[in-house]
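Novice: this one's sequence-less:
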């Protein structure tokens, strides 16, 4: 009976592949080949069924004719190398008319059969040799869930915002020679992490509601959003809930810190930061639609974070963290700014008036280079004025990074794929600059 079932499967041109992410189901017709108890298909890396498989390998396959219906439960995985890949890859892609798109190439998927059923034949066959152990299932589920939420939260980008916490704490340390409260440092670090996660996830939600992310086809690893909603990985409602939970955790930490230090400075900073973070793209203010997005990012990720992190340590006002915050704020704003170039067409079509849309790409490059140079000029000026210690000039070691970024941006400002290194170097510039500045202050 198994041979008949396999023969019936082989006689079909395509199969129905069902994938799932939480309650989001997806069905797609794909061409396939069979090798023993393995089924192979091809898909583009950003297609919904491939995105689902990255985080949930459990799939269902259905093929049917007028008389019978074959259902297969299986485990799917994306292969880098396989002996069938060279033979089948191109053929399957041509049959399904699947081609690479931008940064998204094609992937080869292997589906191991776990169970096969043909109800009309009263036939059922299990493949226990393909079923992983219970321990492996648990470990794989934990690993996949971590990868899923790291992507949803765009966690790698959070490393940039927490630099403000480190710089602010370093300024406080440079004044007293000691850490007043390790607990406050950790809580500030976590609070800003949750704040950044909430801001990014809420932006995904509001950009979906406006249709912006759906219309944006020029995606890069640094722009275009997380694509969690567009790839049916998260529903809009779950995305909003995740943003609210993250913001609630941030607010809870903020209230605790406010009650542990003098006055209500943290409360006022928190109210301002939450307002700017939510309404950067959120209704009703939608600051970025009126050319205020860059200013909002500068204020919330520069002065607010740096001075707030300083205050929970020293509990007093000082101009020193404010000066340092200008440097951090400029660099974080430049990360946002450079990542607006690939989104230019989609943002302009939807009326999102960020500075790149207002100025145009050519003039925006001049602004980018100018502000990058200004950041380093201000650093040198602050050292000359003895606002920062002489040792802070070690930050100049990072100069090759912004030089590479600016050269790339000048050459490729109208080619979103070629500008990817500029985005990467801008992020690395911010990280290197902040780390070296903090080291000089701690020392």
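Specialist: Received, thanks. This is a predicted model, so every value here is computed, not measured. Numbers count the residues shown, from 1 in each chain.

Novice: how about the strands in this protein?
Specialist: 14-21, 24-31, 33-35, 38-44, 58-64, 69-79, 106-118, 123-126 (DSSP state E).

Novice: Sheet partners, orientation included, of the longest one?
Specialist: The partner list of strand 106-118 in its sheet, established with DSSP bridges, is strand 38-44 (antiparallel), strand 69-79 (antiparallel), strand 123-126 (antiparallel).

Novice: Can you give me the buried ones in the second one?
Specialist: Residues 70, 71, 72, 73, 74, 75, 76 are the ones in strand 69-79 that count as buried (16 or more other Cβ atoms under 10 Å). No exception for glycine: its C-beta is placed from N, CA and C like everyone else's.

Novice: Redo the residues you listed as CSV? Include pLDDT and distance to residue 14.
Specialist: Shown next, in CSV, are those (pLDDT from 0 to 100; distance: Cβ to Cβ, whole Å):
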residue, pLDDT, distance to residue 14
70, 93, 13
71, 95, 15
72, 95, 14
73, 96, 19
74, 95, 16
75, 96, 20
76, 96, 16
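
Novice: any idea which of the strands of the chain is most buried?
Specialist: strand 38-44 (a mean of 22; mean count of other Cβ atoms under 10 Å).

Novice: what does that one contact?
Specialist: 15, 17, 28, 30-34, 49-50, 61, 72, 74, 82, 84, 88-89, 92-93, 96, 98-101, 104-113 (Cβ atoms under 8 Å, 6 or more residues apart in numbering).

Novice: before we move on, what about stretch 326-334?
Specialist: 160-161, 163-164, 167, 294, 297-299, 301-303, 305-306, 368, 371-372, 374-375, 378-379, 382, 426, 429-430, 433-434, 437.

Novice: how about residue 239, what does it touch?
Specialist: By Cβ under 8 Å, 6+ apart, the residues touching residue 239 are 152, 201, 204, 205, 208, 228, 229.

Novice: and if we set it to 6 Å?
Specialist: Residues near residue 239 by Cβ atoms under 6 Å, 6 or more residues apart in numbering: 201, 204, 205, 229.

Novice: and it, what pLDDT?
Specialist: Looking at residue 239, its pLDDT reads 94.

Novice: Over to residue 274?
Specialist: pLDDT, residue 274: 88.

Novice: How much space separates it from residue 254?
Specialist: Counting by Cβ to Cβ, to the nearest Å, the gap from residue 274 to residue 254 is 8 Å.

Novice: what's the answer for residue 181, then?
Specialist: Look at residue 181 and residue 254: by Cβ to Cβ, they are 15 Å apart.

Novice: More neighbours: the two, which one.
Specialist: Per other Cβ atoms under 10 Å, whichever of residue 181 and residue 254 has more neighbours is residue 254, with 24 against 18.

Novice: Let me know how buried the residue nearest to the more buried one when sequence neighbours are not counted is, in neighbour terms.
Specialist: Excluding the flanking residues, the one nearest residue 254 by Cβ to Cβ, 6 or more residues apart in numbering is residue 270, at 4.1 Å. Neighbours of residue 270 under the rule other Cβ under 10 Å: 22.

Novice: Name the nearest residue to residue 29, ignoring sequence neighbours.
Specialist: residue 14 (4.7 Å).

Novice: now the one you found, which residues is it bridged with?
Specialist: residue 31.

Novice: wait, it sits on residue 28?
Specialist: No - contact criterion Cβ atoms under 6 Å: residue 14 and residue 28 do not qualify, at 9.5 Å.

Novice: Tabulate the strands of the chain (JSON lines), appending distance to residue 289.
Specialist: Converted to JSON lines, those look like this (distance: least, Cβ to Cβ, whole Å):
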{"stretch": "strand 14-21", "distance to residue 289": "30"}
{"stretch": "strand 24-31", "distance to residue 289": "29"}
{"stretch": "strand 33-35", "distance to residue 289": "49"}
{"stretch": "strand 38-44", "distance to residue 289": "32"}
{"stretch": "strand 58-64", "distance to residue 289": "41"}
{"stretch": "strand 69-79", "distance to residue 289": "38"}
{"stretch": "strand 106-118", "distance to residue 289": "36"}
{"stretch": "strand 123-126", "distance to residue 289": "56"}
